[in-house]
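1. Sharing a sequence plus its predicted fold:
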Amino acid sequence: MADAGLITDTHGVKRCWWCGENDELYRNYHDTEWGFPVTDDIRLFEKICLEGFQAGLSWITILRKRENFRAAFAGFDFHKVAQFTVQDVDNLLLDAGIIRHKGKIEATINNAKRAIELQKEFGSLAAYFWHYEASPEQRPAQADYASISPIAQTELSKQLSKDLKKRGWKFVGPTTCYAFMQAMGLVNDHLEGCFKRDAVLEARANLKKNLLTQS
């Protein structure tokens, strides 16, 4: 079915089903962020940490608190977060604006230290994460993704998760990694028929052209 997994607004615009019809914040995230390629290290670190906080929750819950998270975690500057102390953890556990989960807070601080290590080894987090870019044939089939219970992980996300864990990262299971890959543009999971799918394809193509020009 051509429109499988799509919703159509009052203007006839088709979007992926998951952003819903009534939440402007969620629709805006779908339209302007999700799936567009990201190479900024701070944003990559932020996203993989927020995906970790999402575990067991919905993304809209985290999205509504994202500015609070940014304020609490120094804008997700991992060089700063790596310096957080036990006292900082205690303070964050009192912050009602974020998810007050001690394990996830401590994992974010740990992951900041691991991010610095990755940056030193690969030159940037982007250089590391974009090794896991999915080609079109590695994308789940439309039928697998266009449902209320879509595919949650792939072989690439399992590989990324395994490597990150080996490097000491926490809260980076294959489902978390796949959500990160979808959001940061490592895979284009905008459904066929979604009005943003082609824009993401173009953005990914332009990224590759720019990288080739710089090399």
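-> Structure received.
2. so what secondary structure elements neighbour the longest helix seen in the chain?
-> Counting by DSSP state H, the longest helix found in the chain is helix 102-122. Helix 102-122 is packed against helix 41-54, helix 78-81, helix 86-92, helix 125-129, with contacts defined by 3 or more C-beta pairs under 8 Å, 6 or more residues apart in numbering; DSSP states H and E. For glycine as for every other residue, the C-beta is placed from the backbone atoms N, C-alpha and C.
3. buried residues in that helix?
-> Within helix 102-122, the residues that count as buried by 16 or more other C-beta atoms under 10 Å are 104-116, 118-119.
4. Equivalent analysis for stretch 20-36, please.
-> Using 16+ other C-beta under 10 Å as the test for burial, stretch 20-36 gives 26-27, 29-31, 34-36.
5. as a whole number, average confidence for the helix or strand containing D198?
-> D198 is part of helix 197-214 when elements are defined by DSSP states H and E. For helix 197-214, mean pLDDT is 79.
6. do stretch 119-127 as well
-> 96.
7. roughly how far is it from the heart of the chain?
-> From the chain centre to the centre of stretch 119-127 is a distance of 18 Å (C-alpha atoms, centre = their mean, to the nearest Å).
8. Identify all contacting residues around that stretch.
-> 38-41, 44-45, 115, 118, 128 (C-beta atoms under 8 Å, 6 or more residues apart in numbering).
9. could I get those residues as a markdown table with distance to A183?
-> Below are those laid out as a markdown table (distance: C-beta to C-beta, whole Å):
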| residue | distance to A183 |
| --- | --- |
| V38 | 8 |
| T39 | 14 |
| D40 | 13 |
| D41 | 15 |
| L44 | 10 |
| F45 | 13 |
| A115 | 17 |
| L118 | 19 |
| Y128 | 17 |
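10. ok, of these, which come out buried?
-> 38-39, 41, 44-45, 115, 118, 128.
11. on that earlier part again, and of the helices and strands packed on helix 102-122, who's closest to I151?
-> Of all these, it is helix 41-54 that lies closest to I151, at 16.1 Å by C-beta to C-beta.
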